[in-house]
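Q: coordinates only, no sequence provided:
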């Protein structure tokens, strides 16, 4: 009769808690949840947008959520300064998209020309989207570089 030593973590086959990959591998749970929610909002907004024009904002909010999720950092707190920049730029993008949408609806209902604010809101929205994408990219680059620095724990 042969006895075997039970696996670590009560026989569930999980790596021991003192291994470097036990709690640091992959995307943090909060960022994964945000990416899942944003990833679900994008197709819902794209499918429902042609039927209810305001639901296109759901796709924009989903893109913002995914960008925030991708700007995470490794460590105890995953919400990095790049995540704050991405969130602020994303909120500005949503607000300017909402304002732009409102000017279009108002002009269509009044059968009038677009207001002077429409191009301003559009340009602010495009700039905020570019800033948000740059924040997500900078967060990913910072995460990559921090994992490659000498003496830094590898993820």
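A: Noted; the coordinates are in hand. Fair warning: this is a prediction, and the values are worked out from it, not measured in the lab.

Q: show me what counts as buried in the host helix or strand of residue 46.
A: Applying DSSP states H and E as the criterion places residue 46 in helix 29-48. In terms of neighbour count (16 or more other CB atoms under 10 Å), helix 29-48 has its buried residues at 31, 34-35, 38, 41-42, 45. (C-beta placed from N, C-alpha, C; glycine too.)

Q: now, among the residues you listed, which is nearest to residue 76?
A: Sorting these by how near they are to residue 76, with CB to CB, puts residue 31 at the top with 13.3 Å.

Q: distance check, that closest one against residue 67.
A: Plainly put, residue 31 is 11 Å away from residue 67 if you go by CB to CB, to the nearest Å.

Q: residue 127 too?
A: Taking CB to CB, one finds residue 127 at 15 Å from residue 67.

Q: neighbour-wise, which of these two wins?
A: residue 67 (26 against 14; other CB atoms under 10 Å).

Q: SS state for the more buried one?
A: Assigned with DSSP: H, G, I helix; E, B strand; the rest coil, residue 67 falls in the helix class.

Q: test my guess that it contacts residue 86.
A: Yes - between residue 67 and residue 86 there is a contact under CB atoms under 8 Å: 5.2 Å.
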